[in-house]
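Visitor: Sequence and predicted structure below; questions after.
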Amino acid sequence: MAYIQPGGNDGGGPIFDTLAQFYVCVAIVWTAAILGGSAFLIVNRHEQCIRIRNLLLALSGVACLHVYWILCMVAYSMGGQYPCAAEYWIMSIYLPLGIALFQANSMQLLSVYGIQEKLLYTAQQPYRPPFLGRAISPRRFLAQWKQMNLVQRTEWGIVVGMIVQLALSLSIFLTSRKFQSFGTFSQHVSSEQCRRGPEWIPSILWQLFWSWIFAPYVLWKIRNIHDIHHWRFQITCCVIAALPGSPMWFAALYSTTDAWAAINRYWVPALWFAPGIMTMEAMAVFVPCYELITSRRQRNRILGELQAWDEMRSSGVTKLDSGASHSKSETSTTSIPEAYSRRALERCLAEDSSMLLRFAAAKEFSGENIIFLNYVRDWKAAWARITTTKPTYDWVRDPQYHRLHFFKIALEIYAACVDLKTAEFPINIESRIYTDLQAVFGDGVQYISAAILARGAANAGADTRVYRNLPDSYTMNPSSHRKKSSAIVVVDEDTHALCLDDYPHENQSIMHIEPRVPNTVAVSPVFGNGVFDQAEKSVKNLVFTNTWPKFVDSSSDLSVHFK
């Protein structure tokens with residue numbers, strides 16, 4: 001850590017003066033806080049605001065950076081006992097890997113936003129075949145590379161880069177006389193001089209690349225994203241905080257002025273990375289914790305207000321007496337809880353959920369929930385249409401193959417929104433509900449997987465749903481009677497694809513698609529019109545407690561939904 005003992009003597013023993021005690025205390029307190037925050041995130045990993053962040057990738061980056069940070073904090077107290085070879089490997093492995101993982105996690109925002117944008121346009125989650133376990137050929141690798149998202153490509157780039165970094169670092173370590181008696185270049189020098197020279201260039205170049213090239217690129221790519229999680233703001237703070245580390249470390253090591261020598265006595269050069277690392281850790285751990293806590297408080301507050309409002313309604317307090325009138329403020333006060341109510345959500349989903357869908361996808365990154373609810377709504381409406389027009393229809397024998405067709409459409413819904421293998425952004429439901437649905441559709445989803453794989457990499461990003469004109473029995477689309485409002489929730493025009501006119505199939509029912517499942521598929525004997533009831537109830541409750549209050553708060557004109 002490029003330590004220089006106070007007084008100018010290099011190679012001294014351990015130090016435990018007041019400054020050393022301060023460094024150690026800060027390390028202990030901050031480590032305990034990071035561990036506590038990480039544990040809190042792991043326990044609540046199924047919450048929507050945590051689930052979208054790729055917690056494993058984020059905490060892996062934090063762990064690597066924190067190991068390096070701790071070694072920086074104890075470098076002063078270790079004095080000249082800190083081995084130069086140990087610092088070399090720490091600088092070559094932990095710091096670059098931690099920064100690379102953190103930047104890969106920053107790409108998660110762009111990946112999630114891209115998936116949600118695709119949901120709005122195609123109304124389905126495209127399937128990406130796994131990269132591993134496929135035939136080995138350059139053509140196959142190129143196709144699989146095209147099917148990866150930005151995070152997956154960055155992760156593979158990190159793997160390749162770290163392999164190169166490790167091989168290069170090992171080669172330098174074995175050929176430099178600074179680290180052992182044998183070698184082909186350099187000479188054995190003091191511990192202070194050991195930390196200077198061409199051996200450190202690869203680690204510095206790696207850090208400069210991630211901090212000064214890749215990080216600004218990420219900022220440029222996410223510049224138009226305005227999510228309610230403040231994810232972009234967190235990444236911006238981390239990038240800015242990480243920029244000075246490498247230049248200041250380089251200046252502290254190679255400057256020969258007396259001013260830098262005085263600073264290096266008490267602030268070792270590696271500590272210039274500490275402020276940036278602490279900022280990155282705080283943004284990755286504590287900000288999501290704070291968001292989760294505030295989200296729960298908001299949810300509990302709204303639920304409490306709704307409960308009190310329901311009690312007032314049941315007691316008749318809010319009813320107008322004959323000849324009595326309420327002031328404008330009183331009317332506004334009593335209408336606000338109604339806007340957050342479950343009845344208001346049901347009306348929005350039934351009449352026109354386009355605004356809610358755009359908010360969920362562009363702001364909260366939970367558009368898959370609204371997509372699923374819309375699919376099930378139209379699917380049930382079509383089933384009810386058959387029952388209404390043909391009350392004596394034999395669904396068991398199914399002479400006109402209505403039951404088979406509904407099963408094929410339900411299988412498409414399951415593959416696009418529920419199945420963990422085929423849905424790129426599956427809905428978040430309880431394991432019990434998922435197991436029940438898997439028992440019904442698990443055997444049939446293989447047909448869709450095969451159809452997607454056969455599609456080929458050339459059409460990986462295309463809309464694979466084929467719309468057609470179906471019999472009148474299926475065309476009872478609930479959207480046909482839903483009113484289209486000219487007022488929408490402002491989403492800051494995040495991308496061109498979020499414009500209203502860019503969705504050619506927005507008013508198409510799920511019943512209008514051409515299923516990719518053959519007629520030979522076996523229909524489960526327990527299949528019926530209530531197969532999605534439990535999943536629908538679970539997702540709708542998730543939307544009601546998380547997305548809906550935020551949507552209402554963001555909307556300036558609630559009269560569109562609540563009249």
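Guide: Received, thanks.

Visitor: mind listing the helices for the stretch 301-450 of the chain?
Guide: Here the stretch 301-450 of the chain has its helices, by DSSP state H, counting those that start in this stretch, at 328-340, 342-351, 354-359, 367-389, 402-417, 431-441, 445-455.

Visitor: for the shortest one, packing partners?
Guide: Helix 354-359 makes packing contacts with helix 342-351, helix 367-389, helix 548-554 when contacts are defined by 3 or more Cβ pairs under 8 Å, 6 or more residues apart in numbering; DSSP states H and E. In this view, the C-beta of every residue, glycine as well, is placed from N, C-alpha and C.

Visitor: I'd like to know which elements the shortest one is packed against.
Guide: Meaning helix 548-554. Checking 3+ Cβ pairs under 8 Å, 6+ apart, helix 548-554 ends up next to helix 287-315, helix 328-340, helix 342-351, helix 354-359.

Visitor: so which of the helices and strands packed on helix 354-359 comes closest to Asn264?
Guide: Nearest to Asn264, of all these, is helix 548-554, at 49.5 Å by Cβ to Cβ.

Visitor: coming back round to it: do you know which of the helices of the stretch 301-450 of the chain lies nearest Trp145?
Guide: helix 445-455 (15.9 Å).

Visitor: Check the separation of the first and last residues in stretch 72-83.
Guide: 13 Å (Cα to Cα, to the nearest Å).

Visitor: Quick check: mean pLDDT of that stretch?
Guide: Average pLDDT, stretch 72-83: 78.

Visitor: Repeat that for stretch 280-290.
Guide: So the average pLDDT for stretch 280-290 ends up being 92.

Visitor: for that stretch, which positions count as buried?
Guide: Met280, Glu281, Ala282, Met283, Ala284, Val285, Phe286, Val287, Pro288, Cys289 (16 or more other Cβ atoms under 10 Å).

Visitor: Ok, stretch 169-184 next?
Guide: Result for stretch 169-184 [16+ other Cβ under 10 Å]: buried residues Ser169, Ile172, Phe173, Ser176, Lys178, Phe179, Gly183.

Visitor: what does stretch 197-209 give?
Guide: Across stretch 197-209, burial judged by 16+ other Cβ under 10 Å covers Gly197, Glu199, Trp200, Pro202, Ser203, Ile204, Trp206, Gln207, Leu208, Phe209.

Visitor: Now the fourth one. Nearest residue, chain neighbours left out?
Guide: Meaning Pro202. Leu168 (5.2 Å; Cβ to Cβ, 6 or more residues apart in numbering).

Visitor: what's the answer for Phe532, then?
Guide: In space, Phe532 is closest to Val376, 4.8 Å off (Cβ to Cβ, 6+ apart).

Visitor: Now for the one you found: which residues touch it?
Guide: Neighbouring residues of Val376 by Cβ atoms under 8 Å, 6 or more residues apart in numbering: Ile413, Phe532, Ala535, Glu536.

Visitor: and what of Pro198?
Guide: Ser186.

Visitor: sorry, back to before: relative to the whole chain's centre, how far out is whichever strand or helix holds the residue nearest to Pro202?
Guide: Following DSSP states H and E, one finds Leu168 within helix 150-175. Put simply, helix 150-175 sits 25 Å off its chain's centre (Cα atoms, centre = their mean, to the nearest Å).

Visitor: Just name whatever secondary elements it is in contact with.
Guide: By 3+ Cβ pairs under 8 Å, 6+ apart, helix 150-175 packs against helix 84-92, helix 94-122, helix 201-209.

Visitor: who touches the last one?
Guide: Pointing back at helix 201-209 there. 91-92, 95-96, 99-100, 161, 165, 168-169, 172, 245-246, 249-250.

Visitor: among these, which ones are buried?
Guide: Among those, the ones that count as buried (16+ other Cβ under 10 Å) are 91-92, 95-96, 99-100, 161, 165, 169, 172, 245-246, 249-250.

Visitor: Tabulate the residues you listed (TSV), appending pLDDT.
Guide: Converted to TSV, those look like this (pLDDT from 0 to 100):
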residue	pLDDT
Met91	81
Ser92	83
Leu95	83
Pro96	83
Ile99	83
Ala100	82
Gly161	82
Gln165	82
Ser169	85
Ile172	85
Gly245	85
Ser246	84
Trp249	84
Phe250	83
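
Visitor: farthest pair in those?
Guide: Ile172 and Gly245 (21.6 Å).

Visitor: Below-threshold pLDDT in the stretch 301-450 of the chain: ranges please.
Guide: 310, 313, 316-336, 399-400, 449-450 (pLDDT under 70).

Visitor: just the buried residues of stretch 169-184 now: which is nearest Trp383?
Guide: Nearest to Trp383 among the buried residues of stretch 169-184, with distances taken as Cβ to Cβ, is Ser169, at 63.0 Å.
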